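Using only what follows, build the 3D model:
(2 chains)
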Amino acid sequence: MNLRILWIWSSAVCLGLGGLQAQETKSEVDELKRRLKEAQDNFQKAVDQHHALIDSLNKRLQTLEQRQTAATNTPMPSPAPVPVASAPPNVAPPAVVRPVPGGSEVPAWSASQPIPLLRAGPAYMNISFDTLFDAGWSTAPDPSAELNLGGHDPLQRGFSLPNAEIALDGAVDPYFRAFANIVFFLDKDQETQVELEEAYLQSTALPANLQLKAGQFYANFGRQNPQHPHQWGFVDAPLTLTRAFGPDGLRNPGAQISWLAPTPFYTEAFLGILNGQGGTAFSFRNPGEPDPLGIDRVHGRATTDHGISSPGDLLYTPRLAVSFDLTDQQTLLVGASAAFGANDTGPHERTEIYGGDLYWKWKSARANQGFPFVALQAEGLYQQFEAGADSSAGLPRETLRDWGLYSQVLWGFKPRWVAALRGDWVDGNTGAADATDPFRGWRWRFSPALTWYPSEFSKIRLQYNYDQGELFGEEQSIWLQVEFLLGSHGAHKF
Amino acid sequence: MTKLTLLALVAALPWAAYAKITVVATTPDFGALAKEIGGNKVDLAVLAKPTEDPHFVDAKPSFILKLNRADVLIEGGAQLEMGWLPSLLDGARNPRIAAGAPGHLAAARGIQLLEVPATLDRSRGDLHALGNPHFMLDPVNARIVAGRIAETFAELDPKSADEFRANLKAFSDRLDAKLAEWQGRMAPFRGLQVATYHNSWIYFGQRFGLGMGLYLEPKPGIPPTPTHLAEVITRMKAEKVRAILVEPYQNRKTAETVVRETGAVIVDVAQFPGGVKGTEGGYIPLMDHVINALAKALSAADK
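This next block holds a predicted model:
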C-alpha cells in the first residue's frame, strides 16, 4: 500500500515535473526568441548606425576632396564605382554582377561595396644600400698604381671594397624629383672614404619637352660615364673612360638642360654646364696629384688654380642621343658627346673631348626575367689636352692627343647568367712627360667575365684581365666581385 | 622662315594629337580593355609584349617618346612595372600622365589586392609590397578596370563620353554572360588544386574556386631548384594535381619534367591577350582560352 502510494506519488511528481519541464522549455524558447529578436534589432540598429556613419564620412570625404581639388587645381579622377571585387574561394560569386554605371551618375557608396585600398607607395622615397666587394689577385704587386686606375676598380691583391653606396630618390614636390648617391669606400689603407657622388634635382613639369637638372651629377657624356658601378658589365671601368675622366668619372656641380625632340624616333639633346673643377673633372681644372715634394701636377706640369675668370673657364658638355627599335626585339641607341673646358696646366690651356657611343640590345620576345639577351656596347673617345709649359720641370707647351675605344658584348644565355667579353684599347701621341704618367701611352686589355645573379638583388662576377701597356709591359689579373643591394632602388634607364 | 615653320610644327603637335585620345598601356591586358572602351576614338600603344615577363621589360627610349605624347597612361599601380616604368616616366616629362593627373590611371585602385605582405622580407623572394599584382586574371576585376578606363576617357573626351559608356556597357554585358559561362565550365572542378610556375593565378583561382597554391618556383622570382621540384612532385601526387599552368616566357622544360613524374598536363596559358595563339582578340578571347584549355586538361585527366 505504502509502496503503491509512493508509486502514485512519485508518478504524479514525475508527471508534474515533466509538465513543468515542458512548460519551462516553452518559456525558454520564447525567451530565446525574444533575445534573438532583440539581438537582431540591435544588430540592425548597429548596421544602420554604421551605414549612417559611413555615409556621413563619405560625404565629408567628398567635400574634402572637392576642396582639395579646388585648392590644388589638379583634378583627381573620381573614384569609380566598385562592384563586387572578390569572393572568398569556394563560394559561388553572385550570378548577376551589377553593371558598372558610367558617367556623371556616381551612385551612393554603400557598405556592401569593398573599400578601395591602394597605397600610393610604401615610402616617400627609394632608399637602397648597394655594396660591391672584390677579391682577387694580379701579377702587378700594386694593381691600383698603373693597372686599375678607376676609383671603383679592385684596388689591391686580396680583398677590396671600392663601392658601398647609399642611393636615395623620390619626388620632392609636384615640380621636382631628387636623387642622391653617397658613396663609401675603403682606400688602400682600409680607411673609410666618403664621396658625395651625386645629389641633384630634376624638373618634372617644364614646358616644351624641356627638363632641367641641377646639383652635383655625372656629366651626360657617352654611355657608361653616367652609370653607377653596379650597372657596369665588368668589375672595372673601360680604359678610355678612365684616361679621359680620371678615377672618379666626369661629375661636378652644375646644371643640365635637356630637350626631347618632336621627331618620329627618340631624339634627346642635352647641354650641361658644370664647374669643371677638381679631381672629378680630371682633364679640366684639376689641380692633380701632389708629387713627393707636395707640388700638385697634371701630366707632369705643376698646376695653378686660376679659378673662373670668364664663362669659358666652365665645363660644357653637349650630347645628342637617338634611338630606334630596329625590330620588335632589337633596340639601338646611338649618341655623340663632347666636353669643352679650361685646364689648370697654364693660364689659357684648354681641353676638348669628343665621344661616340653605341648600344644595341636584342631581347627574346619570350624573355623570362629579362633573359635571354645579347647587348653590344661600344664607345670611342678622342681627347685634345693643351698642356702648358713647366720650365722648372723642363716640360714644353704641347698638345697631348689621346684616343681610345672599348667594345663589349654581354650575353645573357639563360636566366640569371651573363657571359661577357670586352676589348679595350687606348693610345696617344708622344708627350714629354709620358715616361712616368700612367694616364698616357698605348695600352690594351682583354677581359672575359661570367656573372651569376642569384636574384635581382645580388650578383657574383668572375673576371679575367689580360693587360699590355707601354708603361708596365704585361700583366694578368683575376677578380671576383660580389654585389648585394638592400632596400628599394630606383629603376634604371635603358 | 624655317624657324617659324618648326615652331608652328611644334606648337601644332599636341593639338593634332587631341583629335584622338593617345593612350599608353603598360601591359596588353590594359591595352585590350582600352581598345574595347575607346574603339576608334583612341590611339593605343602597349609597352610590354604579351609573351614576355612583365616584371622585366626594357625601358626602351622609344617608350619615353610614347609616354611623352600620351594623354592617358594605364598602369597596374601595384608595382608590377616598378623595375622599368619609373625611369620612363622620369624621361617622359609629361604632366598629363604624372601621378595624380587625370590621365594617370592606376588600375589597382579600387581593387582588393590579395597577399599584401605584412612584413617586407626579401629572404622570402621578390614580394610586391602592395600585394599580388596579377589581379586582372579575375574577370570581375577586369570589369572594374574597364569602368575606370571608361570614366577616364569620358573625362578627357566628353564629346565621346556616351560612346565610351555604351562600349563599356556592351563589354560588361558580354563579360557578365561569359563569366556565367566560365563559372559553369569550371563548376565540376571546384576545389581542385592546380599547379603554376609563378604565383600569378591566385585571383583566377579565387574566382573559379580552384586552389592555386603550388608553384614550381620555390619563392617568387627564384628559379625552380631540384629539391623544390621533388617536393612539388610529391605534393602533386598526394593532392592529385592534374594540371600545371605555364606562361609563354616560363621554362616549359621544367614543367615537362614535372609532368613526366606526375602524369599531370601542361596547360599553355598567358596573362595577356596575344600571349598564346588565338587570344589576340582581347580579354574575353584570352579568358575563353584559359578556361577551355584548363577545363579540357582537368576533364581529360578525369578519365
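
can you give me the helices in chain B?
Applying DSSP state H to chain B gives helices spanning B:2-17, B:28-38, B:61-68, B:85-92, B:139-156, B:161-186, B:202-208, B:226-238, B:252-262, B:283-302.

who's in contact with the third one?
This means helix B:61-68. If you take Cβ atoms under 8 Å, 6 or more residues apart in numbering or on different chains as the criterion, helix B:61-68 is touched by A:209, A:260, A:265-266, A:268, A:321, A:323-325, A:331, A:333, A:494, B:24, B:45, B:47, B:73, B:88-89, B:91-94, B:97. Quick note: C-beta positions are derived from backbone N, CA and C, even for glycine.

Now the buried members of the residues you listed.
Among those, the ones that count as buried by 16 or more other Cβ atoms under 10 Å in any protein chain shown are A:209, A:260, A:266, A:268, A:321, A:323-324, A:331, A:333, A:494, B:24, B:45, B:47, B:73, B:88-89, B:91-94, B:97.

taking the residues you listed one by one, which sit in strands?
Taking DSSP state E as the definition of strands, the buried ones among the contacts of helix B:61-68 contribute A:260, A:266, A:268, A:321, A:323, A:324, A:331, A:333, B:24, B:45, B:73.

of those, closest to residue A:250?
residue A:321 (16.4 Å; Cβ to Cβ).

Contacts only, for the closest residue to residue B:78 other than its chain neighbours.
Nearest in space to residue B:78, with sequence neighbours left out and distances taken as Cβ to Cβ, 6 or more residues apart in numbering or on different chains, is residue B:133 at 3.7 Å. Residue B:133 sits next to B:76, B:78, B:79, B:80, B:108, B:113 when contact means Cβ under 8 Å, 6+ apart.

Output those in a markdown table; the columns should cover distance to residue B:156.
Shown next, in a markdown table, are the contacts of residue B:133 (distance: Cβ to Cβ, whole Å):
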| residue | distance to residue B:156 |
| --- | --- |
| B:76 | 20 |
| B:78 | 23 |
| B:79 | 25 |
| B:80 | 24 |
| B:108 | 20 |
| B:113 | 26 |
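
Just send those residues back as JSON lines, with distance to residue B:202 and pLDDT too.
Shown next, in JSON lines, are the contacts of residue B:133 (distance: Cβ to Cβ, whole Å; pLDDT from 0 to 100):
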{"residue": "B:76", "distance to residue B:202": "15", "pLDDT": "95"}
{"residue": "B:78", "distance to residue B:202": "13", "pLDDT": "91"}
{"residue": "B:79", "distance to residue B:202": "16", "pLDDT": "89"}
{"residue": "B:80", "distance to residue B:202": "14", "pLDDT": "92"}
{"residue": "B:108", "distance to residue B:202": "14", "pLDDT": "94"}
{"residue": "B:113", "distance to residue B:202": "10", "pLDDT": "93"}
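
Closest one to residue B:228 out of those, please.
Using Cβ to Cβ, the shortest approach to residue B:228 within these belongs to residue B:80, at 23.7 Å.

from memory that closest one sits against residue B:128, does it?
Yes - between residue B:80 and residue B:128 there is a contact under Cβ atoms under 8 Å: 7.1 Å.

of these two, who's got more company?
residue B:80 (27 against 21; other Cβ atoms under 10 Å in any protein chain shown).

Phi, psi for the residue nearest to the more buried one when sequence neighbours are not counted please.
Excluding its sequence neighbours, the residue lying closest to residue B:80 (Cβ to Cβ, 6+ apart) is residue B:133, at 3.8 Å. Torsion angles at residue B:133 (phi, psi; degrees, to the nearest 10) stand at phi -90, psi 0.

Tell me which helix or strand in the chain has the weakest average pLDDT.
I went with chain A, as the question did not name one. Across the helices and strands of chain A, mean confidence by mean pLDDT, DSSP states H and E is lowest for helix A:2-72: a mean of 62.

Neighbours of residue 297, how many?
Since you didn't name a chain, this refers to chain A. Under the neighbour criterion other Cβ under 10 Å, residue A:297 is assigned a count of 21.

My question was about chain B, not that one.
Applying other Cβ under 10 Å, we find 21 residues neighbouring residue B:297.

Next up, the contacts around it.
Going by Cβ under 8 Å, 6+ apart, residue B:297 touches B:242, B:243, B:265, B:267.

Where do the domain boundaries of the chain fall?
Using chain A here. Chain A breaks down into these domains under automatic domain parsing: A:1-70, A:126-487.

Wait, chain B was what I had in mind.
Split by automatic domain parsing, chain B gives B:11-178, B:189-302.

Can you tell me which of the ones you listed is packed in deepest?
Each of the domains of chain B was scored by mean neighbour count; the highest is domain B:11-178, a mean of 21, by mean count of other Cβ atoms under 10 Å in any protein chain shown.

hang on, the earlier thing: so which of the contacts of residue B:133 is the closest to residue A:393?
Using Cβ to Cβ, residue B:79 is the member of the contacts of residue B:133 that sits closest to residue A:393, with 58.9 Å.

quick one on the thing from earlier: mind checking how far the residue nearest to residue B:80 is from residue B:204?
Distance, residue B:133 to residue B:204, by Cβ to Cβ, to the nearest Å: 13 Å.

And residue 98, what's its pLDDT?
Just going to use chain A. On the pLDDT scale, residue A:98 is placed at 38.

To clarify, I was referring to chain B.
pLDDT recorded at residue B:98 is 91.

Need the phi and psi values for it.
phi -70, psi 160.

gap between residue A:386 and residue A:344?
Computed with Cβ to Cβ, the distance linking residue A:386 and residue A:344 is 11 Å.

Between those two, which is the more surrounded one?
Ranked by neighbour count (other Cβ under 10 Å), residue A:386 and residue A:344 place residue A:344 first, with 25 against 17.

May I have the beta-bridge partners of residue A:408?
Taking DSSP bridges as the rule, residue A:408 bridges to residue A:377, residue A:422.

wait, it sits on residue A:232?
No - at 9.6 Å, residue A:408 does not count as touching residue A:232 under the criterion of Cβ under 8 Å.

more neighbours, those two?
Taking neighbours as other Cβ under 10 Å, residue A:408 and residue A:232 compare with residue A:408 leading, 21 against 18.

The more buried one: what's it in contact with?
Residue A:408 touches A:233, A:234, A:238, A:376, A:377, A:378, A:420, A:421, A:422, A:423, counting by Cβ under 8 Å, 6+ apart.

Can you read off the pLDDT for residue A:247?
94.

Quick one: neighbours of it, just the number.
Residue A:247 has 17 nearby residues by other Cβ under 10 Å.

Check the spacing between the residue nearest to it when sequence neighbours are not counted and residue A:162 real quick.
Using Cβ to Cβ, 6+ apart and skipping residues adjacent in sequence, the residue nearest residue A:247 is residue A:151, 3.6 Å away. As defined by Cβ to Cβ, residue A:151 lies at a distance of 7 Å from residue A:162.
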